[in-house]
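1. Next one to model:
(chains A and B)
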There are 2 protein chains.
Amino acid sequence: MSNTAEFGLCDWGTSSFRLWLVDGQGKTLSEVRTHQGLGSMADRSFSRVLEQHLAQLGASSDLPVLICGMAGSRQGWQDAGYSTVPLTVNELLMSPIRIAGERDIRILPGVCQRSPAYDVMRGEETMLLGAVRSGQLKNGLIVMPGTHSKWVSLEDAVVTGFSTFMTGELFNLMSTHSILRHAVADAVGEIDEHSPAFIAAVKLMLSGGSLSQQLFTVRSTTLLSDCTPTASASRLSGLLIGAEVAACHQQTSQRQVMLIASGSLSALYRQALTLAGFAVTLVDADEAVRAGLFQSAQTLWQRQEEQHHV
Amino acid sequence: MSNTAEFGLCDWGTSSFRLWLVDGQGKTLSEVRTHQGLGSMADRSFSRVLEQHLAQLGASSDLPVLICGMAGSRQGWQDAGYSTVPLTVNELLMSPIRIAGERDIRILPGVCQRSPAYDVMRGEETMLLGAVRSGQLKNGLIVMPGTHSKWVSLEDAVVTGFSTFMTGELFNLMSTHSILRHAVADAVGEIDEHSPAFIAAVKLMLSGGSLSQQLFTVRSTTLLSDCTPTASASRLSGLLIGAEVAACHQQTSQRQVMLIASGSLSALYRQALTLAGFAVTLVDADEAVRAGLFQSAQTLWQRQEEQHHV
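-> Have a look, this model is predicted:
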C-alpha cells in the first residue's frame, strides 16, 4: 500500500496551481505545477482542470483532495470563508468546506483579522501550519514573502495577529508599468542580494527613508549617473523589501524571525532581515505548504475514518 | 498693439499640451489645452502639432514661443538639459535651448540635484518661478502635487534642494492595475477631502504608518466590512498623500508651506497639510506656470531687443 496515493494535496493560488499525490506518510509520489492560477480561470472550469491533472497523475476516482489558497476565495471555486485570529495553530486546519460532487474535495478557509486592522490571508495559513508544526515553534515572528507578503505573530502556539505588505505587487507594477520601467529595463531577473545597490537601498529604508520619496530616485539616479539596469532593479527591490523589514523591525521587539520562502526571494529577504539585525531561520515555502496540507488532510480524513470504525 | 500677441507660452508635459498667446503685459489673448502630451507623440511630430495650434490661434509666423516641461527631455522634442541646484530663483529662467527653424522657439531646461540624493524636475521649475516671483517669497517650503509631486526648499531666494514623491503615479497604478482596483472600482473621481476615510488615512500615515503595509488594508477593509468604493478610494488617496506629507513634515522644521496646485488635488493636499500642522498658502498651478513662462520670455526676448538697439 505504501506506493498508493492516500491524498491529493493542492495549493491553488492567484498565479499558480500545484498538486501533489502523497502516501500515508506524506511522501510525494507524483506532482504537477502549472500557471493555471485563478487569474487564468476566466471560464471557472475548476473541476475540469483538477480532474484532468488527477487523471494524468494516475489518481483513483475516490482519492480525497485537500485544497488551500485563493481557490477558496469569493472569486475562486467556492468561498471557504475565514477563521478569525486569535486562533491556535491546531485550529488552522479546521473546518474546510466540501465541494459538491462524487469525489471528496475540500477547501481550507483563509484567516482574517478584525483588530487592530482588517487583514486577510489565504494559503499562507497552511504554509504557516506546515512550517511551525515541523519546527515545533511556539513563539515567534514568521515572514512569508510574496506578492502580498505576510508577517505573523505567534505567542504560546496562538496566532495572535498578522499584517500584509504589498511588496511583491508593488515591485511588479513599478518595474513593468511605472516610469521606473525604463530604468529597470529587463534586469528584474538579475537582482543580487550582495549588490551594493540592494544593500544601500535596504539600509536607507532601515534608517527611516520614505518609500514614495525614494522610489523616484531609481529614475533620477539612472538619468544623472551611469547606473546599470541591474543596479536599478536591485535598488528598487531593496527599497521595497527594506520598507517592509523596517516597518516590522520597528513594530516588534522580536529579533528572531522564521523566513518561509523559496528561490531568489529567500536570499533577498534573508539579507534584508540580517541587515536589520534579525536572526533568521529559513524554511522552504514549497515544503511548508505541502506539510501543512498533509497535516490537515491526515487530521481530517483519519479522524473521519476513526469515527467510521467506532 | 495691446491686442497683438507678444509671445507664445507653452507647457508641454507627459500627458498634456497647453499653449497661451499673451500680450506684452502677460495678459492671455487666446489659449488651447489638449491631451497631446509626450505620451501621445510616438511619431515625434512636435513641430507640426505646435504650428497647427499656433495657426489656429491666429499667431503670426514670427511669434516667438517659449516652452517648458517634458518636451525638453531626452524622450521629448530636444534635450534642454538641466540647471543644477543650488541656484537662485532668477537663474531658473536662464539658458533655454533654441530649436532649429524659421520661428524662434526655445525650450527651458529642467533642474537637477546631485546631492544629497539624485533628483530631477522639468516644468515645475517654471511653475515655481511664477509662484515665487509673484508672491515675492524668498524663504519657504513649496509643494507642487501631481504625478510626481515636488517639494522645494527656498532659502534667501536660492533653491537649495528638492525631492520627488511618486504619489500621483502610485495612486493611478494602485487604482487601475493592482488588486486594490476591485475595492476602488470607479470611485476615483469621488474622493472628498472631508471624508472620514481620507482623514483617518492621512492621520494614520502622520502617526508613522508604513505605506506598503497600509495599502493592503484598502482591500481587506472592503472584504471584511461594508466599505464603499468612494471610501476605499478616499482611503487610498489619504494613505498616499499622507505618506508624502508625513515624510516632509519629519524632514523639515518649516511649518509654512506654499501649495501650488489646481482642481481637486489642491483641496486634498490643503487638508492633509493642515492636518500635519502646516500653515498653507495656495497658489493656482495654471496661473503659476503661465506667469513663470511670461517672466522668462520677457527676460529672454526683451534683453535681446535691448542688445539689438545698442
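2. which residues touch the nearest residue to A:L66 once chain neighbours are set aside?
-> In space, A:L66 comes closest to A:A297 once its chain neighbours are excluded; the distance is 4.5 Å by Cβ to Cβ, 6 or more residues apart in numbering or on different chains. C-beta here means a position set from N, CA and C on the backbone, and glycine is covered the same way. A:A297 makes contacts with A:E6, A:F7, A:L9, A:P64, A:L66, as judged by Cβ atoms under 8 Å, 6 or more residues apart in numbering or on different chains.
3. could you redo the last one with a cut-off of 7 Å?
-> Contact analysis of A:A297 by Cβ atoms under 7 Å, 6 or more residues apart in numbering or on different chains lists A:F7, A:L9, A:L66.
4. Out of those, flag the one nearest to chain B.
-> Of all the contacts of A:A297, A:L66 has the smallest distance to chain B: 23.4 Å, by Cβ to the nearest Cβ.
5. and chain A, which residues reach chain B?
-> A:112, A:114, A:117-120, A:148, A:163-167, A:169-170, A:173, A:177-179, A:210-213, A:215-217, A:220-221, A:223-225, A:240, A:243-244, A:247 (Cβ under 7 Å from any Cβ of the partner chain).
6. Filter those down to the buried ones and hand me the PyMOL line.
-> In PyMOL, this line selects whichever of the residues of chain A next to chain B come out buried by 16 or more other Cβ atoms under 10 Å in any protein chain shown:
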select buried, chain A and resi 112+117+118+119+120+148+163+164+165+166+167+169+170+173+178+179+210+211+212+213+215+216+217+220+221+223+224+240+243+244+247
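7. Which members of the residues of chain A next to chain B occur in strands, if any?
-> A:C112, A:D119, A:V120, A:S163, A:T164, A:F165 (DSSP state E).
8. ok, and the most crowded of the contacts of A:A297?
-> With neighbours taken as other Cβ atoms under 10 Å in any protein chain shown, the top of the contacts of A:A297 is A:L9, carrying 28 neighbours.
9. Which strands or helices does the host helix or strand of that residue pack on?
-> Secondary structure assigned from DSSP states H and E places A:L9 in strand A:7-12. With contacts taken as 3 or more Cβ pairs under 7 Å, 6 or more residues apart in numbering or on different chains; DSSP states H and E, strand A:7-12 sits against strand A:17-22, strand A:65-68, helix A:285-309.
10. how about it as PDB, C-alpha atoms only?
-> Extracted as PDB, the C-alpha positions of strand A:7-12 are listed here (Å, rounded to 0.1, in the frame of the first residue of the first chain):
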ATOM      1  CA  PHE A   7      -4.400  12.100  -0.500                       C
ATOM      2  CA  GLY A   8      -4.300  14.700  -3.200                       C
ATOM      3  CA  LEU A   9      -2.900  18.000  -1.900                       C
ATOM      4  CA  CYS A  10      -3.300  21.200  -3.800                       C
ATOM      5  CA  ASP A  11      -2.100  24.800  -3.400                       C
ATOM      6  CA  TRP A  12      -4.300  26.800  -5.800                       C
END
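11. So what's the residue count around A:G161?
-> For A:G161, using other Cβ under 10 Å, the count is 17.
12. Might one say that it is in contact with A:Q113?
-> Yes: counting by Cβ atoms under 7 Å, A:G161 does reach A:Q113; the two are 5.8 Å apart.
13. which residues in the stretch 1-150 of chain A form helices?
-> With DSSP state H, counting those that start in this stretch as the criterion, the stretch 1-150 of chain A has helices at A:46-56, A:124-135.
14. Would you mind measuring from the residue lying closest to A:T281 once chain neighbours are set aside to B:L50?
-> In space, and not counting its chain neighbours, A:T281 is closest to A:M258: 4.9 Å by Cβ to Cβ, 6+ apart. Look at A:M258 and B:L50: by Cβ to Cβ, to the nearest Å, they are 61 Å apart.
15. Those two: who's more crowded?
-> Between A:M258 and B:L50, B:L50 has the larger neighbour count (other Cβ under 10 Å), namely 24 against 21.
16. which residues touch that one?
-> Per Cβ under 7 Å, 6+ apart, neighbours of B:L50: B:V65.
17. confidence score at it?
-> Predicted confidence (pLDDT) for B:L50: 97.
18. would a markdown table of the contacts of A:A297 with pLDDT and distance to A:L93 be doable?
-> Output for the contacts of A:A297, formatted as a markdown table (pLDDT from 0 to 100; distance: Cβ to Cβ, whole Å):
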| residue | pLDDT | distance to A:L93 |
| --- | --- | --- |
| A:F7 | 97 | 13 |
| A:L9 | 98 | 12 |
| A:L66 | 97 | 9 |
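19. dump the residue contacts of the residue of the stretch 1-150 of chain A found nearest chain B.
-> Of all residues in the stretch 1-150 of chain A, the one sitting closest to chain B is A:Y118 (4.2 Å; Cβ to the nearest Cβ). Contacts for A:Y118 (Cβ under 7 Å, 6+ apart) come out as B:T217, B:S220, B:T221, B:L224, B:S225.
20. Nearest to B:G101 among the residues you listed?
-> Minimum distance to B:G101 across the contacts of A:Y118 is 54.0 Å, recorded for B:T217 (Cβ to Cβ).
21. right, and that closest one touches A:V120 too?
-> No: taking contacts as Cβ under 7 Å, B:T217 lies outside contact range of A:V120: 9.9 Å.
22. and A:K203, what element?
-> helix A:196-206.
23. buried sites along that helix?
-> For helix A:196-206, using 16+ other Cβ under 10 Å, the buried residues are A:A197, A:F198, A:I199, A:A201, A:V202, A:K203, A:L204, A:M205, A:L206.
24. possible to save those as a markdown table with pLDDT?
-> Shown next, in a markdown table, are the buried residues of helix A:196-206 (pLDDT from 0 to 100):
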| residue | pLDDT |
| --- | --- |
| A:A197 | 97 |
| A:F198 | 98 |
| A:I199 | 98 |
| A:A201 | 98 |
| A:V202 | 98 |
| A:K203 | 98 |
| A:L204 | 97 |
| A:M205 | 98 |
| A:L206 | 97 |
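25. Can you pick out the most distant pair from these?
-> A:A197 and A:L206 (15.1 Å).
26. Once you drop chain neighbours, what's closest to A:L224?
-> Per Cβ to Cβ, 6+ apart, closest to A:L224 is B:Y118, 4.6 Å.
27. Let me fix that, I meant to ask about A:L206.
-> Per Cβ to Cβ, 6+ apart, closest to A:L206 is A:A246, 4.9 Å.
28. How many residues are close by that neighbour?
-> For A:A246, the neighbour count with other Cβ under 10 Å is 23.
29. Please report how far it lies from B:L215.
-> A:A246 is 15 Å from B:L215, by Cβ to Cβ.
30. And for A:L224?
-> From A:L224 to B:L215 the distance is 29 Å (Cβ to Cβ).
31. Export the helices of the stretch 1-150 of chain A as JSON lines, with columns for distance to A:V280.
-> JSON lines is the format used below for these (distance: least, Cβ to Cβ, whole Å):
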{"stretch": "helix A:46-56", "distance to A:V280": "35"}
{"stretch": "helix A:124-135", "distance to A:V280": "13"}
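32. rank the ones you listed by pLDDT, which is bottom?
-> When I compare those, helix A:124-135 is least confident, with a mean of 88.
33. Can you give me the buried ones in that one?
-> Across helix A:124-135, burial judged by 16+ other Cβ under 10 Å covers A:E124, A:E125, A:T126, A:M127, A:L128, A:L129, A:G130, A:A131, A:V132, A:R133.
34. Now do the same contact list for the fifth one.
-> Same thing as A:L128. A:L92, A:I142, A:V152.
35. From what I see, the second one and A:A261 are in contact.
-> Read that as A:I142. No: using Cβ under 7 Å, A:I142 is not in contact with A:A261, being 10.8 Å away.
36. Perfect, I'm done here.
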